[in-house]
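Visitor: Quick one: sequence and predicted model below, then my questions.
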Amino acid sequence: MTPSVLPQETFTTQTLHETALADARAANPFDPREIRLSAAGGCPRQQTLRILGAPQAPESVTQLSIFHAGHYWEDYLASLWEARYPGQVNRQVTVETQYGTGHIDLWVEPIHHLVECKTTKVARRAQLPLDEHLDQVNLYLHFWGNAHGATGEIAYLLKETGEILTFPVVYDPHRIPRLLERLDQILIAVQIDQQPLPIPEDAAPFQFPCGWMDAYGQFTKCPFWAHCWGEPTIPDDADETLIVDAPETWIDSLQTYATAVTAIKDTKQALKPYEQIKKDTEAALKDWFDAYPIAGLRIPDGTLRRTISKASDSWDVPQALADGAITPEQIAPYTTHQPGRVTWRWETPKPPKTSHKKSPTPQD
Ligand code: SF4
């Protein structure tokens, strides 16, 4: 791939990396209009939106970098097999089916072994292998591998530690009908109805795969989020139904936030006596400063300065508008738009109310 032209003065390792990512994205060899077996275990609506060409949010540099890192780790895993079986390791073997296309990461020809390469986080170690990856490899075995007498495995690279964990995949025919049914739905949606599938019943805007917090604490969204959950609007913060349970991945951050809020509150409380001393001293000195033309009082530890800003007038524009003294058109050239101010408030659960009602008696 020839790199994009960049002015030499803009060269840094970062700009070269980001340009290489954009070039790799533009040269993506996969057809966006094909049904992907690799995504059969994911959100079916997402596949239909992509195939039907719905506009999608561009990937962030972080997302592209993660994707890119997956490629060079795959190169490393391939090199391990290549060292054992030179020239006999096939990459991205295409599996064509009536439902869609799959791409087997590694096919080790002499031992009829297929390898699906994935990267993941250490925190996910206990959940491996992930169900949607088992779905993917089972489909490869179903449509291609079984006919080639294949064994399969999923190899996970743990990003933080560089460890590689392997999980053999034994063909499980019970998985297949559900997956074929889903692929059928996708096929009908894109070829006959030409309409995206509905939002899955168990999908939620702030849960994977719709929206989640990534390893770097950033809210990450499916590229089609706006199609499913709408453009961001300013919610009514008095509407209790808009308070939702925090996703599990955010609980630690929120607990840390709560600790910080409590610490700020305690510190403010501890500062109160000092603020009172400051206020009382300033009040006591006011007359003295007013009576003499001095700007400060010095002691060896420092100087207390008093500054009086110039008197100024202010105008109650909303009232003048309400009284009709001026019109919005008249002040339009002097108007600047201020975005809404954002405030955050931490609330602790209220203790249950104790009822002072009299217990009902049999006569009541
Ligand atoms: S936002 Fe959620 S429901 Fe919508 S396409 Fe993406 S993953 Fe599927």
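Guide: Perfect, I can see it now.
Visitor: Distance-wise, check residue 165 relative to residue 111.
Guide: As judged by CB to CB, to the nearest Å, residue 165 and residue 111 stand 20 Å apart. Every C-beta, even on glycine, is put in place using the N, C-alpha and C of the backbone.
Visitor: which of the two has more neighbours?
Guide: A side-by-side neighbour count of residue 165 and residue 111, using other CB atoms under 10 Å, places residue 165 first with 14 against 11.
Visitor: Wasn't that one part of a helix?
Guide: No - under DSSP: H, G, I helix; E, B strand; the rest coil, residue 165 falls outside any helix and is assigned strand.
Visitor: any idea where the strands of the stretch 51-200 of the chain begin and end?
Guide: Using DSSP state E, counting those that start in this stretch, the strands of the stretch 51-200 of the chain run over 89-96, 101-108, 113-120, 151-158, 164-169.
Visitor: Which among these is found nearest to the ligand?
Guide: strand 113-120 (18.8 Å; CB to the nearest ligand atom).
Visitor: gap between that closest one and the chain center?
Guide: 24 Å (CA atoms, centre = their mean, to the nearest Å).
Visitor: just how off-centre is the lengthiest helix in the chain within its chain?
Guide: Taking DSSP state H as the criterion, the chain has its longest helix at helix 251-291. Centroid separation for helix 251-291 versus its chain: 36 Å, with CA atoms, centre = their mean.
Visitor: ok, residue 223 - contacts?
Guide: Remark: with contacts taken as CB atoms under 8 Å, 6 or more residues apart in numbering, residue 223 is in contact with 56-59.
Visitor: how does it look with 7 Å?
Guide: For residue 223, the contact set (CB atoms under 7 Å, 6 or more residues apart in numbering) comprises 56-57.
Visitor: Now do the SS call for it.
Guide: coil.
Visitor: that older thread, could I get the strands of the stretch 51-200 of the chain as JSON lines with distance to the ligand?
Guide: Below are the strands of the stretch 51-200 of the chain laid out as JSON lines (distance: least, CB to the nearest ligand atom, whole Å):
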{"stretch": "strand 89-96", "distance to the ligand": "24"}
{"stretch": "strand 101-108", "distance to the ligand": "20"}
{"stretch": "strand 113-120", "distance to the ligand": "19"}
{"stretch": "strand 151-158", "distance to the ligand": "22"}
{"stretch": "strand 164-169", "distance to the ligand": "25"}
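Visitor: okay, now residue 199: neighbour count?
Guide: 15.
Visitor: Any figure for the gap between it and residue 213?
Guide: Taking CB to CB, one finds residue 199 at 21 Å from residue 213.
Visitor: mind showing which ranges of the stretch 101-250 of the chain have poor pLDDT?
Guide: 215-217 (pLDDT under 70).
Visitor: where do the helices sit along it?
Guide: Listed in chain order, the helices of the stretch 101-250 of the chain (DSSP state H, counting those that start in this stretch) span 131-140, 176-188, 225-229.
Visitor: deepest of those helices, which one?
Guide: helix 131-140 (a mean of 22; mean count of other CB atoms under 10 Å).
Visitor: what packs against it?
Guide: strand 101-108, strand 113-120, strand 151-158, strand 164-169, helix 176-188 (3 or more CB pairs under 7 Å, 6 or more residues apart in numbering; DSSP states H and E).
Visitor: could I get these as CSV with distance to residue 242?
Guide: Formatted as CSV, the helices and strands packed on helix 131-140 follow (distance: least, CB to CB, whole Å):
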stretch, distance to residue 242
strand 101-108, 41
strand 113-120, 33
strand 151-158, 37
strand 164-169, 41
helix 176-188, 32
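Visitor: so who does residue 70 touch?
Guide: Here residue 70 is in contact with residue 119 (criterion: CB under 7 Å, 6+ apart).
Visitor: Write out the residues of the stretch 51-200 of the chain neighbouring the ligand.
Guide: Within the stretch 51-200 of the chain, the positions adjacent to the ligand are 199-200 by CB under 6 Å from any ligand atom.
Visitor: The same query, at a cut-off of 5 Å, please.
Guide: Applying CB under 5 Å from any ligand atom, we find that the stretch 51-200 of the chain lies next to the ligand at residue 199.
Visitor: what's the nearest residue to the residue in the stretch 51-200 of the chain that the ligand sits nearest to if we skip its chain neighbours?
Guide: In the stretch 51-200 of the chain, the residue that lies nearest the ligand is residue 199 (4.6 Å; CB to the nearest ligand atom). Of all residues not flanking residue 199 in the chain, residue 228 sits nearest, at 5.1 Å (CB to CB, 6 or more residues apart in numbering).
Visitor: Relative to the ligand, how far out is the one you found?
Guide: Distance of residue 228 to the ligand, computed by CB to the nearest ligand atom, to the nearest Å: 3 Å.
Visitor: what do you get for residue 38?
Guide: For residue 38 relative to the ligand (CB to the nearest ligand atom), the value is 15 Å.
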